[in-house]
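> Below is the structure, and that's it, no one-letter string:
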């Protein structure tokens with residue numbers, strides 16, 4: 001096995017276990033910079049576990065993860081944020097008693113440059129509803145507004161790799177379309193690489209370039225997203241026929 005990786009991101013045969021339960025087994029995922037990669041599959045397939053392993057929230061039971069030429073799985077979670085990896089967890093985990101402004105500034109807590117105030121304005125221009133609610137407690141926002149807030153908070157760290165865990169979960173269809181459009185804009189405007197975990201498989205495949213299908217902790221299928229949209233097994237199991 002090579003000592004480094006030529007890919008921007010590469011997970012090599014990684015495994016994760018919770019107690020004696022295997023969540024991921026021999027999972028290999030690789031991609032180059034600047035695209036959107038989707039992870040789809042049923043509940044419990046291991047999609048969120050993969051993101052948690054990448055961000056350092058769970059330890060590997062085996063395998064390696066490489067990011068931009070560095071061995072990632074040996075680096076603490078906080079240091080991964082400083083390297084440019086940001087995760088938006090499932091469930092819109094805002095700091096509910098803090099204002100929208102303070103939630104956004106929490107996203108920049110690892111930064112030491114002088115561009116935080118400028119980036120705050122950029123986020124408020126991109127998310128005008130957040131500007132309208134800047135001093136409002138985050139816990140009083142609607143579900144769609146909270147999702148925008150946690151994405152904007154992650155972007156305040158200036159990530160090179162953005163991990164999105166179920167951003168459309170529980171949102172109305174019109175808000176889901178807004179979130180999908182936003183994800184595409186982030187990739188296009190900032191060149192940010194994105195790993196998108198989604199139960200809304202159709203949306204995920206439509207906005208991504210490449211996709212992996214996780215089945216009970218293993219890669220069942222992979223390929224260009226457009227090809228998987230037309231793949232009979234994927235259509236039957238994940239797209240409603």
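That came through fine. These figures come from a predicted structure and were not determined experimentally.
> Same question for stretch 220-230: list its buried residues.
For stretch 220-230, burial by neighbour count (16 or more other CB atoms under 10 Å) applies to 221, 222, 225, 228, 229. From N, CA and C alone the C-beta is placed, and that goes for glycine too.
> Surely the third one and residue 209 touch.
Yes - distance between residue 225 and residue 209: 5.9 Å, which falls inside the contact criterion (CB atoms under 8 Å).
> follow-up on the earlier one: closest one to residue 105 out of the buried residues of stretch 220-230, please.
Distance from residue 105 was checked for each of the buried residues of stretch 220-230 by CB to CB. The minimum falls on residue 225, at 34.9 Å.
> list the buried ones in stretch 94-109?
94, 95, 100, 101, 103, 104, 105, 107, 108.
> starting at the chain centroid, how far to that stretch?
Here the centre of mass of C-alpha atoms in stretch 94-109, compared against the chain's by CA atoms, centre = their mean, to the nearest Å, lies 19 Å away.
> ok, and what's touching it?
Judged by CB atoms under 8 Å, 6 or more residues apart in numbering, the contacts made with stretch 94-109 from elsewhere in the structure are 86, 116, 119-120, 123, 130, 133-139, 141, 146, 149-150, 152-157.
> and those residues, which of them are in helices?
Cross-referencing those with the helices (criterion: DSSP state H) gives 116, 119, 120, 123, 130, 146, 149, 150, 152, 153, 154, 155 as the overlap.
> Pull the most distant pair out of those residues.
In the ones in helices among the contacts of stretch 94-109, two members sit farther apart than any others by CB to CB. They are 116 and 146, at 21.7 Å.
> So for those two, which sits in the more crowded spot?
In terms of neighbours (other CB atoms under 10 Å), residue 146 is the more surrounded of residue 116 and residue 146; the figures are 21 against 16.
> okay, and the helix or strand of this protein with the least pLDDT?
Taking mean pLDDT, DSSP states H and E as the measure, the helix or strand of the chain with the lowest value is helix 232-238, at a mean of 88.
> And the buried ones among the ones in helices among the contacts of stretch 94-109, selectable in ChimeraX?
To isolate the buried ones among the ones in helices among the contacts of stretch 94-109 in ChimeraX, judged by 16+ other CB under 10 Å, type:
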select :116,119,120,123,130,146,149,150,152,153,154,155
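> Alright, I will stop here.
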